[in-house]
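>>> No letters, just coordinates:
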């Protein structure tokens, strides 16, 4: 994870720092990281997947809602606050006890991979996300090629599906929708 780091920060101080600054920080058990800016492809893909999920859920009149990277997730078991690139919550939103701007119950989380975060998103960050009891699917989207990986919870195991090519789609069974990779990568030049 490429970012500026500060150590030995309490949760209360972390919340205060975020409120006083226009910078988003992730919190990991006493250490905070200022999040670095993304690339054009990263931003466009985030917007595309959010828009596709939002439209599909709205069309089917689902009680699930898509959210952007402006909403953070609190993972109590990991003493962490993180910002996914996109996520979906079904039913009522569950807020963190000490931070009204943090939620605890996403059913699906999306991360758009970059060279600097790919290992983190697949490894340590995914480990943290797996501690969320509500999480059913974790979608990783490549930004340099038309390819996605979907991790789906099956009991206590995670099944991985990789889909490649603009002519394919990915089924998000936790939401009952399918998203075309051509829509995810609309406007992207590889």
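Structure received. Nothing here was measured: the structure is a model prediction, and the numbers come from that model.
>>> ok so residue 14 is a helix residue?
Yes - residue assignment for residue 14, taken from DSSP: H, G, I helix; E, B strand; the rest coil, places it within a helix.
>>> mind listing what the spatially most central residue of the chain touches?
Compute the mean C-alpha point of the chain, and by CA atoms, centre = their mean the closest residue is residue 84, 2.7 Å away. Contacts were defined as CB atoms under 8 Å, 6 or more residues apart in numbering; by that measure residue 84 touches 69, 73, 106, 109, 110, 111, 129. C-beta: built from backbone N, CA, C; applies to glycine.
>>> Mind listing what's buried along the helix or strand where the second one lies?
According to DSSP states H and E, residue 73 maps onto strand 72-75. Of the residues in strand 72-75, those scored as buried under the neighbour-count criterion (16 or more other CB atoms under 10 Å) are 72, 73, 74, 75.
>>> Partner strands of that strand and their direction?
Taking DSSP bridges as the criterion, strand 72-75 sits next to strand 80-82 (antiparallel), strand 102-103 (parallel) in its sheet.
>>> Find me the pLDDT at residue 1, would you?
Reading off the confidence values, residue 1 has pLDDT 41.
>>> ditto for residue 101
88.
>>> And the contacts of stretch 178-190?
Stretch 178-190 is contacted from outside by 41, 44-45, 48-49, 52-53, 56, 141, 143-148, 163-172, using CB under 8 Å, 6+ apart.
>>> which strands and helices sit next to the helix ranked longest in the chain?
When the chain is parsed with DSSP state H, its longest helix is helix 40-59. In terms of contacts (3 or more CB pairs under 8 Å, 6 or more residues apart in numbering; DSSP states H and E), helix 40-59 is packed against strand 64-68, strand 86-90, strand 108-112, strand 137-141, strand 177-180, helix 181-184.
>>> Quick one: mean pLDDT for the fifth one?
I take that to be strand 177-180. Average pLDDT, strand 177-180: 98.
>>> what are the phi and psi angles of residue 155?
According to degrees, to the nearest 10, the main-chain angles of residue 155 amount to phi 60, psi -120.
>>> On the pLDDT front, check it for me.
Looking at residue 155, its pLDDT is 91.
>>> Okay then, goodbye and thanks.
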